[in-house]
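Chemist: structure for this input, please:
(chains A, B and C)
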Amino acid sequence: WYGSGHSKISPEQAAKKKKLERLVSSDTFPDNLKSVAVGCFECHGLNRLAHSDNFDHQNFKINVIVSPDDCGVCHPVEASQYSNSKKANALDILRKNPVYDMLIEAAVSIKEINSSGNKTVKSTEHTRNQTCYACHGTEVKVMGRQTISTEIGEMSVPVLTNWPNQGVGRINPDKSKGSCTSCHPRHGFNIEIARKPHTCSQCHLEPDVPAWNVYKESKHGNIFSSLGSQWNWKSVPWKLGKDFTAPSCAVCHNSLITTPAGDDIIINRSHDFGQRLWVRLLGLIYSHPQPKNGRTYEIRNSASLSLPTSFNGEIAGNYLISKLEEMDRINSVKKLCTSCHGTFWTNQHFSSLDKTIRETDRMVMSSTNLIIDAWNKNILDRINPFDEVAEQQWIIQWLFYANSIRYAAAMGGPDYAAFKNGWWSLNANLLEIQRSLKLK
Amino acid sequence: WYGSGHSKISPEQAAKKKKLERLVSSDTFPDNLKSVAVGCFECHGLNRLAHSDNFDHQNFKINVIVSPDDCGVCHPVEASQYSNSKKANALDILRKNPVYDMLIEAAVSIKEINSSGNKTVKSTEHTRNQTCYACHGTEVKVMGRQTISTEIGEMSVPVLTNWPNQGVGRINPDKSKGSCTSCHPRHGFNIEIARKPHTCSQCHLEPDVPAWNVYKESKHGNIFSSLGSQWNWKSVPWKLGKDFTAPSCAVCHNSLITTPAGDDIIINRSHDFGQRLWVRLLGLIYSHPQPKNGRTYEIRNSASLSLPTSFNGEIAGNYLISKLEEMDRINSVKKLCTSCHGTFWTNQHFSSLDKTIRETDRMVMSSTNLIIDAWNKNILDRINPFDEVAEQQWIIQWLFYANSIRYAAAMGGPDYAAFKNGWWSLNANLLEIQRSLKLK
Amino acid sequence: WYGSGHSKISPEQAAKKKKLERLVSSDTFPDNLKSVAVGCFECHGLNRLAHSDNFDHQNFKINVIVSPDDCGVCHPVEASQYSNSKKANALDILRKNPVYDMLIEAAVSIKEINSSGNKTVKSTEHTRNQTCYACHGTEVKVMGRQTISTEIGEMSVPVLTNWPNQGVGRINPDKSKGSCTSCHPRHGFNIEIARKPHTCSQCHLEPDVPAWNVYKESKHGNIFSSLGSQWNWKSVPWKLGKDFTAPSCAVCHNSLITTPAGDDIIINRSHDFGQRLWVRLLGLIYSHPQPKNGRTYEIRNSASLSLPTSFNGEIAGNYLISKLEEMDRINSVKKLCTSCHGTFWTNQHFSSLDKTIRETDRMVMSSTNLIIDAWNKNILDRINPFDEVAEQQWIIQWLFYANSIRYAAAMGGPDYAAFKNGWWSLNANLLEIQRSLKLK
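Modeler: Predicted coordinates for the structure are as follows:
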């Protein structure tokens, strides 16, 4: 905390910085906070009536968890943008969607099999917390209180379940969604950490979302690995070509980026991490336009499943952004690319990404057709579409291989398009699916 | 060597440092060593009668290999702790255990198969050296002498077999066990290298022991990757919160760690790397309490196999530490955790690890039951329990997937609990085992 | 560009440096270039008649792409060495070789399979560009012109196909081969980036060429990761033991390396990256002596296939370097190794590599024999030797696993010899091939 900005400046002072240098997004602050440094109680004492995790500590009422709503007292724009994102809704995205719920069961349930056949035991909350919910977030609830002994005597503290967790969609005891510490680790709240790709890499990694892996083997990643230690990671605003010479994740996805002189905005800061994106590379089960908001469990495809595409490739258009919105977003991002690359180069890059999207979707469709055919012929049981060998081979076709290739195309990481979970795997696994269905 | 501490200080001077700053653990030194810097002959000339790798070099008697016993002249506490560890015994752990020996054969033997069936050729010593023994250590023996020409004329030098090798359990020509250079690379003996996780990562990596991989994707690893270059890696003692703000492997596993002021010990240095640990996450074939000493080949389970657990899950309790000892060790480590984290947070973390251990062991048991059933029905041949397709699928169930999930739970690396050799693989592979047995 | 050497010095000044410090290899330069810094037009304006990608830009004739022939105006030795290498020919190596062409089809074609069987659709140029050709290079051609609007008005620019690409064997609009920017990213041309292993790691990575992965887990890689940020990456010549204390890729493979004092050459610079190597670890399908030149598509083995070895293990000796040349190259490299390691240590290391090569080749032969037998018995169809499940398992045997083990032996990365695509996989996959043939 001593090394953090919070220890060095009061909200009121922070608000006096020049527009592009400001990190607080509110102009007014509660009287008791505005002129003091941001210490323990300034954050852990906020909104205590909303916090079921509040406890007495030397006559102060302390919340165990500082939530996005608390951070939003000084950073309301960020809190608000975030709350609408897929990240904030990441837990509900999984548990409120019956399709994903079945997929999770296929992945993490404890199966007991005896010699006469299968017996699946339902997954435990614990294992969900350790796997999917570790990144997506848990619902942290207060389950009574306990007395613990400390150096200053006994204390009665709340008992939290599904904790510790720092997933991006954590539901907090004050009902807010998210966990700022996912990217800004307590208590340093270091913008350097949030801007470095290691932070994103904790969740966005192979085999399902190989963003970090592809980045590392891309030219951008190479330059970051080679020269990143010489860059200015703390400068606000972040000046392209001056503070850094190749993008990290944050540059393209959410940071405020300006020209080298620091006066012209190239692209604005956003804490809605999907807000700059037009296409969703993560195929569910095909790639598709970004959803209109972060509550993807509200989506219904033509077969009434909570999926943004149908098995036949049709998109759930009502829930996804329009062509026009897609074009707007592409153009915003291109402004960033063309700060270093030529216009023609940039256009070709994105047109090439489009082709990859179409080809990988077509490959996924081939495998889906095999599975649907097997369902229709009762070779596979469609009640749970995810729990047989061939079905699981089909899952990795879209969740691992097609995704890898698309991320590779987006960032220029050739191996993830080729031999490392790429086209090689996509082709070989298609033959495996076919063989599995034949052997049944 | 010029950059090393050895070039800058004599043992006598080194022993005069304040207690917590000392790196030599002896108070007395041989007369000829005590007041000079630690140069070539000071190390390569020790205990020459014990060294069968000794040779004449310009009238000096030189040992090719400097062994832990040699280092122990000035660092006796470290040498003694190390000699009792699993690391020092790592070669014998493999080759004196018939079960592991069969496992090695299954892994590294040269198999020649013709159209009529299998023919297994026994593994070569060479391939064992390049694979398992590369980390575990080889037995370096002197096999006669040879004459080589050098710039200063001809020299007669010992011919060493199973060399070069720097495995942790190397058996040296003076009969000592271990290789200090595994972690303190010659001739810099740089504490910075030993403390950085890259050193541990040479051996402790996926798919069997994904400690490094999980660390990298954990919050601790993220902070190390983002900020580690700004930390003080050479300070002795190593001051938590001042010299570093997130642990590397050495912090939790063996370094002397003090409070920020450097005067209070949080946890003591140990070169017995298992000494702080209570549970052994590496399932053989289930997780179990740490062995009482490093000679695990002495263990006998209830079926008289040299394994710390039986196939039915029973532990070989006589050879493993007691519940009481487990509690002592947990509490020591918790003292380290609670230097940064709250007590409740820390307790929940370890209780969550316990649950993961139980659930993964249960999953391994499911697969073991399938294999035992197949042995009983002669679907598989139990003479060598490791050499058929289904058996090898069973091996990766406990050696790769269950281990990955446990390491992920211990350090908070979600993907290794989920899609990357985690629960996804544990479940999918169980179906594969079942299919393999059906297809036989 | 402002940070690059090109902005700070004219060719004439650069040529006046001491011999070992020189980066330009020509002594004479065109009059209009010799006394000015190397700006935009100095490179983008060269050889314009050869450049079909030339266009008008404010009355300057500009080439979109700067090619090795252009760089060769000041760096002719480098351009010439490179042009003879496998790297320069990397595209033709693939597309002019019918065997590799079939392999590519097996890997990246879009397969559509319906319930009655296979239907393979030929791969698209696009997907080849995104996968194999991303590293190997594309043929960039001018396909007419288009008018684009810019801040300074409309411009007519060439339309390039198969672009962007920065593969090492790119064929440029001036017919030259290669892309210097692969390793010296525009416009910094930073020798630091080229010398750091992250650059090589963009293409030389697992599962097929795990050079980077093995390096990372080797002792050399550990020391690089731990201490590399303290080394001098820009010094020319590069002084072993002074500028760095463990090799990166460039040290062993192509940089000019001198003694610590900087006056004695240990090994000369070469931009023909195969020139120091004697054996080719990358098995096609067995390891073999390096080819005499980079045009490996000219090779014919005893079965008239464009492969450096036959399926029975015979090498295509006429196209490969002689035993004598092999010995010369080994001795040059040993001079580098013995700058840090003893002679005996070094000899043992390479003799151990030899043994690994023989054992892995023998294992590959076992699998090839199974496949040949299946072809002979019409269990598999040999017309396309790469498109059935068992054949693809055979491919990964030599392309992934045997290669991994050899790279591991060359650089000392134990896991890639063992559990990570190593002997474990080589053995387990051999059983899988056998099972696949039985199930057919």
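Chemist: for the lowest-mean-pLDDT helix or strand in chain A, name the packing helices and strands.
Modeler: The weakest-scoring helix or strand in chain A, judged by mean pLDDT, DSSP states H and E, is strand A:117-121 (a mean of 75). Where contact means 3 or more C-beta pairs under 8 Å, 6 or more residues apart in numbering or on different chains; DSSP states H and E, strand A:117-121 is packed against strand A:110-114. Every residue, glycine included, has its C-beta placed from N, CA and C.
Chemist: re earlier: give me the contact list for the next helix-or-strand element following the least confident helix or strand of chain A.
Modeler: The C-terminal neighbour of strand A:117-121 among helices and strands, as given by DSSP states H and E, is helix A:125-130. For helix A:125-130, contacts defined as C-beta atoms under 8 Å, 6 or more residues apart in numbering or on different chains pick out A:104, A:108, A:110, A:138, A:162, A:165, B:352, B:355-356, B:359, B:405, B:408-409, B:414, B:417, B:423.
Chemist: please save the CA atoms from helix A:125-130 in PDB.
Modeler: Presented in PDB, the C-alpha positions along helix A:125-130 are these (Å, rounded to 0.1, in the frame of the first residue of the first chain):
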ATOM      1  CA  GLU A 125     -19.500 -26.400  -5.500                       C
ATOM      2  CA  HIS A 126     -15.900 -26.700  -4.400                       C
ATOM      3  CA  THR A 127     -14.600 -28.000  -7.700                       C
ATOM      4  CA  ARG A 128     -16.600 -25.500  -9.700                       C
ATOM      5  CA  ASN A 129     -14.900 -22.800  -7.500                       C
ATOM      6  CA  GLN A 130     -11.500 -24.300  -8.300                       C
END
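Chemist: rewinding a little: okay, and which of the contacts of helix A:125-130 map to strands?
Modeler: Within those, residues falling in strands by DSSP state E are A:I110.
Chemist: what is the nearest of the contacts of helix A:125-130 to chain C?
Modeler: Distance to chain C across these (C-beta to the nearest C-beta) is lowest for B:I405, with 16.6 Å.
Chemist: tell me how many other residues crowd that closest one.
Modeler: Close neighbours of B:I405, defined as other C-beta atoms under 10 Å in any protein chain shown, add up to 30.
Chemist: for it, what are its contacts?
Modeler: B:I405 touches A:Q130, B:T356, B:T360, B:Y416, B:A417, B:G422, B:W423, B:L426, counting by C-beta under 8 Å, 6+ apart.
Chemist: helices and strands around the lengthiest helix in chain A, which ones?
Modeler: Longest helix of chain A, by residue count under DSSP state H: helix A:343-376. Contacts defined by 3+ C-beta pairs under 8 Å, 6+ apart place helix A:343-376 against helix A:323-337, helix A:389-396, helix A:403-411, helix A:423-439, strand C:110-114, helix C:125-130, strand C:141-150, strand C:153-161.
Chemist: which one of those lies nearest to C:K234?
Modeler: In terms of C-beta to C-beta, the element of the helices and strands packed on helix A:343-376 nearest to C:K234 is helix A:403-411, at 27.8 Å.
Chemist: now, the most widely separated pair of the contacts of helix A:125-130?
Modeler: A:I110 and A:N165 (20.8 Å).
Chemist: who's more crowded, those two?
Modeler: The neighbour count for A:I110 versus A:N165, taken as other C-beta under 10 Å, is higher for A:N165 (27 against 20).
Chemist: ok, that one touching A:A134?
Modeler: Yes: if you go by C-beta atoms under 8 Å, A:N165 and A:A134 touch, sitting 6.9 Å apart.
Chemist: quick check: neighbours shared by those two?
Modeler: Common neighbours of A:N165 and A:A134 (C-beta under 8 Å, 6+ apart) do not exist.
Chemist: just to revisit the earlier point, can you give the distance of the longest helix of chain A from its chain's centre?
Modeler: 23 Å (C-alpha atoms, centre = their mean, to the nearest Å).
Chemist: and it with helix A:423-439, angle?
Modeler: 10 degrees (axes from the mean of the first three to the mean of the last three C-alpha atoms, to 10 degrees).
Chemist: now do the buried residues in helix A:343-376.
Modeler: A:344, A:346-350, A:352-353, A:355-357, A:359-375 (16 or more other C-beta atoms under 10 Å in any protein chain shown).
Chemist: what stretches of the stretch 1-150 of chain A score poorly on pLDDT?
Modeler: By pLDDT under 70, the low-scoring segments of the stretch 1-150 of chain A are A:115, A:118.
Chemist: around chain B, pick out the residues from it.
Modeler: The stretch 1-150 of chain A has residues A:3, A:64, A:106-115, A:118, A:124, A:126-127, A:129-132, A:134-135, A:148, A:150 near chain B, with proximity defined as C-beta under 8 Å from any C-beta of the partner chain.
Chemist: quick check on the residues you listed: which are buried?
Modeler: Going by neighbour count (16+ other C-beta under 10 Å), these have A:64, A:106-111, A:113, A:124, A:126-127, A:129-132, A:134-135 buried.
Chemist: enumerate the residues of the stretch 101-250 of chain A near chain C.
Modeler: A:K216, A:E217, A:S218, A:K219, A:G221, A:N222, A:I223, A:S225, A:S226, A:L227, A:S229, A:T245.
Chemist: counting neighbours, what do you get for the last one?
Modeler: Other residues near A:T245 come to 19 when the count uses other C-beta under 10 Å.
Chemist: tell me the contacts of it?
Modeler: Taking C-beta under 8 Å, 6+ apart as the definition, contacts of A:T245 comprise A:I223, A:L227, A:W231, C:G3, C:G188.
Chemist: tell me which of the residues you listed has the lowest pLDDT.
Modeler: pLDDT is lowest at C:G3 among the contacts of A:T245; the value there is 81.
Chemist: find the closest residue to chain C in the stretch 101-250 of chain A.
Modeler: Per C-beta to the nearest C-beta, the residue of the stretch 101-250 of chain A with the smallest distance to chain C is A:S225, at 4.0 Å.
Chemist: residues in contact with the one helix or strand that residue maps to?
Modeler: In this assignment (DSSP H and E), A:S225 forms part of helix A:219-227. The contact list for helix A:219-227 (C-beta under 8 Å, 6+ apart) reads A:197, A:214-216, A:245-248, A:411-413, C:166, C:185, C:190, C:192-193, C:196, C:198-199, C:201-202.
Chemist: narrow those residues to those in helices?
Modeler: A:P197, A:V214, A:Y215, A:K216, A:M411, C:E192, C:I193, C:H198, C:T199, C:S201.
Chemist: which one of those residues is nearest chain B?
Modeler: A:P197 (8.9 Å).
Chemist: contacting residues for the closest one?
Modeler: A:P197 neighbours (C-beta under 8 Å, 6+ apart): A:W212, A:Y215, A:K216, A:G221, A:F224, A:S248, A:C249, A:A250.
Chemist: so how do I select the buried members of those residues in ChimeraX?
Modeler: In ChimeraX, a selection of the buried entries from the contacts of A:P197 looks like this (16+ other C-beta under 10 Å):
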select /A:212,215,216,221,224,248,249,250
